[in-house]
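> The sequence and its predicted three-dimensional model are supplied below.
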Amino acid sequence: MVLIIGVGFSFSAISIFYLCQIFINDSEKQSTANMHHWAEYIANVSSNYIDNPSDNSPSKKAELYNALTYLGATNLIKFIDIYRYDESTQNDNFYLSYHYQKQLDLKKVLPIMELPSIEKEILSTPHINDTNIEYYMPIQKADKIIGYLYIQMNRYPSLEYTNQLLLILAIIFTALLIALRIVTSRLGAMVVTPLEELTLSIQNIAKTKDFSLRIPSMSYQEVDTLAKSINTLLSRTEKHHKKIQLAEQKSLERNQELETKIINRTVALKESNQELLSTLEKLHQFQDQLVESGKMASLGDMVAGVAHEVNTPIGLGVTASTLLSDRLLEMKDHFDNKTLKSSQLKRFFNEGQENVGIIYRNLQRAAELISSFKKVAVDQNSEDIRHFNMNELINEVLHTLAPQIKNTPYNIEINCPEELLIWNKPGPINQILINLILNSILHAFDNKDTGTISITVTFLENDLNICFSDNGCGIDETIKNKVFEPFITTKRGAGGSGLGLHLVYNLVTQALGGNIIIESAQDEGTTLNITFPLNLNSNYA
């Protein structure tokens, strides 16, 4: 009975408060809407007077002031400041002020009301305080800002209604409190005593944590029903508590076993991370060495390509190790909170094995990429200039590549004068020929059973031309213009590193000081013309 009365009184009070709050909110929304309406109207009127920056005539200001005076008759608008926007200086220059209690002063060059301390950004939407509403908005014409408007409106009419409503609310609420006090004083003895006894019993059970205790019967029917429900809950809690104690014993044994496995996995993870860090350190050291050498024009692109290629497997390894670390922390939390399940442990082992495999495979791939990249470095002065026979050099290259060539169905034709002696660096030329031959064997004859590679050497007075061609499938148009860039290949993952022709380009242009031109058509083969200068001591015997 007491509860029903209390709820009734509370509901009535809350309803009154709620209705009052709705009224206040609606009043503020209406005030804001009025502010928007007046501000847009005043901005529209003002735009016709300030759109010409060079026109500051007193007559125009007086005309605008008279228009604003009519608005002041509403007793709502207190202050209006109009600013003209100077596009050249991006400043707001004061133009005109309106004060509901003052006359127009055309000599005044400052606004009547200095803007409040609140930032203009805050006033970009109507700002409501105790007595006023303030708004600072742009004045636009033809979608162009030509000035700004500051307007302050009076809130006294709406505040008067609000105060009257609050007074009525206070009277009603006071009456409710008096009535509630009278009712509760008479009925309190019927309800409070049983509730106090119930509370003491519950506090005793909570303090002793003895769930075998029960709450005695109560004289008040509703409280007695609650006591019986609590006793039922205590019975179930007692049974559940016993099951938990048994489960904790079993969990302790499993947790000890799991802790040992986690320690072993943690050690393995640390070793993998250490290996990963070591690989990264080697990569950074190698990149520093390349930067310091500074002898190849494309070194920047090369390092960027290496970073991109190596970061992919390393990134996958780091991601896998991070996932494994996160899962390890999650399992530790379950272990510490004694919520670990066998299914969670099984899933952790499966995911851990998969992540360790990912880390190993990607570390191995990174190591392979780094090893391949080391072969790209070219020292322009790795070999002194000397006399050598060009025809013999080509044959020496073919002899060196015999193990790779003999098992292929491709024929290599050499057209070079037998007595062509030149004075140059044989080392770079040797590397150029090796890379071109291996590149053709790997890429030129896809889906072809036979093919011919031709090497033609021509003496051009002070230059030497090497024409290297094949009758293979040609170069794909999508990569034809990028074949000399690092890491451009159509055989990624199948033996191609994308560094062969890039190395050839660097050898020709940097080590030999020449140039290389490539011509290729789909299914018609590829031709590379290499031309580099010769020393005056070279001769064609």
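That came through, no problem. Numbering: from 1, shown residues only.
> Quick check: which ranges of the stretch 201-350 of the chain have low pLDDT?
Counting by pLDDT under 70, the stretch 201-350 of the chain shows low-confidence ranges at 211, 219-221, 283-284, 286-309.
> all helices of it, in order?
For the stretch 201-350 of the chain, applying DSSP state H, counting those that start in this stretch gives helices covering 221-293, 299-336, 342-374.
> Repeat that for the stretch 351-500 of the chain.
Counting by DSSP H, counting those that start in this stretch, the stretch 351-500 of the chain forms helices over residues 390-400, 402-405, 426-443, 500-506, given from the N-terminal end onward.
> Who are the packing partners of the second one?
Just to be clear, that refers to helix 402-405. In terms of contacts (3 or more C-beta pairs under 8 Å, 6 or more residues apart in numbering; DSSP states H and E), helix 402-405 is packed against helix 426-443. The C-beta positions use only the backbone N, C-alpha and C, and glycine is treated the same way.
> buried sites along the helix it packs on?
Buried residues in helix 426-443, counted by 16 or more other C-beta atoms under 10 Å: 426-437, 439-443.
> other SSEs contacting it?
Counting by 3+ C-beta pairs under 8 Å, 6+ apart, the packing neighbours recorded for helix 426-443 are helix 390-400, helix 402-405, strand 410-415, strand 451-460, strand 463-470, helix 500-506, strand 525-533.
> one more time with 7 Å, if that's ok
In terms of contact count using 3 or more C-beta pairs under 7 Å, 6 or more residues apart in numbering; DSSP states H and E, helix 426-443 is assigned the packing partners helix 390-400, helix 500-506.
> as a whole number, average confidence for that helix?
Over the span of helix 426-443, the pLDDT mean works out to 86.
> if I look at the nearest residue to Val483 once chain neighbours are set aside, how far off is Thr478?
Once its chain neighbours are removed from consideration, Val483 has its nearest residue in Leu501; the separation is 5.1 Å (C-beta to C-beta, 6 or more residues apart in numbering). With the distance defined as C-beta to C-beta, to the nearest Å, Leu501 ends up 15 Å from Thr478.
> Give me the distance from stretch 214-228 to the chain's centre.
59 Å (C-alpha atoms, centre = their mean, to the nearest Å).
> Which residues does that stretch contact?
Met190, Val191, Pro194, Leu195, Glu197, Leu198, Ser201, Ile230, Asn231, Leu234 (C-beta atoms under 7 Å, 6 or more residues apart in numbering).
> do you know how far Lys332 is from Glu485?
Distance check for Lys332 against Glu485: by C-beta to C-beta, it reads 48 Å.
> who touches Asn415 in this structure?
Going by C-beta under 7 Å, 6+ apart, Asn415 touches Ser454, Ile455, Thr456, Val457.
> Dump those into TSV; add pLDDT as well.
Compiled in TSV, the contacts of Asn415 are given as follows (pLDDT from 0 to 100):
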residue	pLDDT
Ser454	94
Ile455	94
Thr456	95
Val457	94
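> Give the buried subset of the contacts of stretch 214-228 as a ChimeraX selection command.
Under the burial definition 16+ other C-beta under 10 Å, those of those that qualify are selected in ChimeraX by:
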select :191,194,197,198,201,230,234
